[in-house]
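*Asks:* coords please:
(one chain, ligands or ions: 1)
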Amino acid sequence: MPSEALRIAVFPGDGIGPEVIAPAIEILRLLEARLGGFRMVFEEYPAGAAYYRETGKDISDEAFEAARAADAILLGAMGLPDVRLPDGTEIRPHLRMRDEFGLYAGVRPVKAFPNTPRRLIDERAANIDFVILRESTEGLFFSQGRGEVNEQEARETLRITRATTEKLSDFAFKLARRRKARGGKGRATCVDKSNVFRAYAFFRQIFLERAKLHPDVTADCAYVDAMALDLVRKPWEYDVLVMENMFGDILSDLGGGLVGGMGMAPCAEVGDEHALFQPAHGSAPDIAGQGKANPTATLLSAAMMLDWLGDRHGIDRLGEAAALLEAAIERGFAERRLRPMEFGGDQGSREITQQLFGVLEEKLASV
Ligand code: ATP
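*Replies:* Have a look, this model is predicted:
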């Protein structure tokens with residue numbers, strides 16, 4: 001076992017953030033205790049909208065630097081609609097983390113688990129299993145805090161760079177290759193609007209250049225509006241969808257809607273040196289404090305964290321823990337032991353966590 005414990009900086013954040021982070025830490029502690037082979041310390045920090053309301057800062061310098069120094073960052077959700085910066089935008093210190101820590105690859109799996117609503121009548125919807133790869137440091141979001149607004153006009157500028165698009169495209173092809181090794185389709189699709197904007201034509205051109213370096217993966221392209229149509233008509237055909245920041249922001253909510261709701265939508269934000277794991281949803285103030293939140297997205301994000309840490313530190317046990325957690329979630333839904341209120345079930349986050357403990361204990365007994 002490596003002598004050093006892995007340091008996880010934890011930001012429960014606002015709204016349902018703390019309600020979905022607590023189960024994730026309990027489950028991670030269980031896996032650590034029962035599997036062995038790795039150690040984790042969880043260092044919790046306040047940050048976000050409630051913290052801003054109290055202190056006038058969205059995150060302390062100490063907490064931000066702790067996130068930088070950590071082996072991984074685990075985040076609940078940040079932002080509340082009624083707490084705004086002076087320019088009217090929501091408080092989201094994790095967007096600064098994306099920028100400063102270079103978290104360019106937003107990995108957002110969209111996977112249909114058994115017995116979850118799929119909103120689609122077609123039985124092939126049970127096979128939905130694709131990933132939205134959202135560029136997370138530039139695109140239209142680059143303009144955050146830089147927009148110009150006067151009485152007559154507002155301007156925001158989208159930015160696409162060669163360096164980031166090359167890295168993102170390579171990430172997409174490697175992800176498709178890895179998924180292919182596990183039975184995936186081996187396909188990467190560039191989603192853009194290159195028929196109208198030169199910036200997206202540039203994005204597509206770089207994607208196609210990089211595709212030549214990855215001939216074992218099928219590369220193709222689609223316009224974002226057509227993709228919105230296809231994701232409702234035949235989402236089971238897709239594998240890895242790589243796109244600009246704003247398009248990824250929008251289509252990942254569509255993806256969540258396809259597989260049961262935002263409580264089923266995990267996310268990893270990965271850079272060369274750092275990574276942040278959080279559910280793709282927000283702080284859900286409409287259900288906060290009621291114990292109703294579905295923690296599945298956060299648990300799946302925690303599994304992605306274990307996987308990423310395992311790769312980075314060469315610790316196989318972490319990869320096994322990740323696979324075990326995902327398999328337990330799959331079994332929990334298959335056996336109808338997980339029934340989130342989010343889609344008509346009778347379980348809030350506590351009950352879901354208890355059930356998952358049960359499934360994990362059974363699986364651990366056979367490891
Ligand atoms: P953001 O812009 O920060 O991503 P948002 O405004 O898109 O946030 P969310 O907070 O993601 O909104 O919530 C969208 C809807 O999904 C709300 O009705 C919310 O209650 C629901 N929701 C989000 N996450 C969960 C969850 N984990 N469990 C149950 N319902 C959820």
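*Asks:* Could you give the number of residues near the nearest residue to Asp346 once chain neighbours are set aside?
*Replies:* Using Cβ to Cβ, 6 or more residues apart in numbering and skipping residues adjacent in sequence, the residue nearest Asp346 is Arg339, 5.7 Å away. From N, CA and C alone the C-beta is placed, and that goes for glycine too. As a burial measure, Arg339 scores 19 neighbours (other Cβ atoms under 10 Å).
*Asks:* Need the pLDDT of Arg339.
*Replies:* Looking at Arg339, its pLDDT is 96.
*Asks:* same thing with Thr89?
*Replies:* pLDDT, Thr89: 81.
*Asks:* From Glu361, how far off is the residue nearest to Asp346?
*Replies:* Between Arg339 and Glu361 the computed distance is 19 Å (Cβ to Cβ, to the nearest Å).
*Asks:* Show the contacting residues for the residue in the stretch 201-350 of the chain that the ligand sits nearest to.
*Replies:* Across the stretch 201-350 of the chain, no residue is closer to the ligand than Gly282, which sits at 2.2 Å (Cβ to the nearest ligand atom). Listed by Cβ atoms under 8 Å, 6 or more residues apart in numbering, the contact set of Gly282 reads 15, 77, 79, 262.
*Asks:* residue contacts, Ala302?
*Replies:* 24, 27-28, 74, 277, 325.
*Asks:* Buried members of the residues you listed into PyMOL, please.
*Replies:* Command for PyMOL, covering only those of these found buried under the criterion 16 or more other Cβ atoms under 10 Å:
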select buried, resi 24+27+28+74+277+325
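*Asks:* so which of the contacts of Ala302 comes closest to Ala154?
*Replies:* Phe277 (33.9 Å; Cβ to Cβ).
*Asks:* That closest one bridge partners, please.
*Replies:* On the basis of DSSP bridges, Phe277 is bridged to Leu74, Ala268.
*Asks:* what phi and what psi does the backbone show at the residue of the stretch 1-150 of the chain found nearest the ligand?
*Replies:* Going by Cβ to the nearest ligand atom, the ligand is nearest to Gly79 of the stretch 1-150 of the chain, at 5.1 Å. Note on Gly79: backbone dihedrals following degrees, to the nearest 10 are phi 110, psi 140.
*Asks:* Can you get me a residue count around it?
*Replies:* 24.
*Asks:* Contact partners for it?
*Replies:* 13-14, 48-49, 90-92, 282-283.
*Asks:* Return the member of these nearest to Thr189.
*Replies:* Using Cβ to Cβ, Gly282 comes nearest to Thr189 of these, at 26.4 Å.
*Asks:* and the closest one, what pLDDT?
*Replies:* Gly282 is assigned a predicted lDDT (pLDDT) of 94.
*Asks:* circling back: can you redo the contacts of Gly79 as TSV with secondary structure?
*Replies:* Output for those, formatted as TSV (DSSP: H, G, I helix; E, B strand; the rest coil):
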residue	secondary structure
Gly13	strand
Asp14	coil
Gly48	coil
Ala49	helix
Glu90	strand
Ile91	coil
Arg92	coil
Gly282	coil
Ser283	coil
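*Asks:* Can I get these in TSV including distance to Val270?
*Replies:* What follows is the contacts of Gly79, written out as TSV (distance: Cβ to Cβ, whole Å):
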residue	distance to Val270
Gly13	20
Asp14	23
Gly48	22
Ala49	25
Glu90	24
Ile91	24
Arg92	18
Gly282	20
Ser283	23
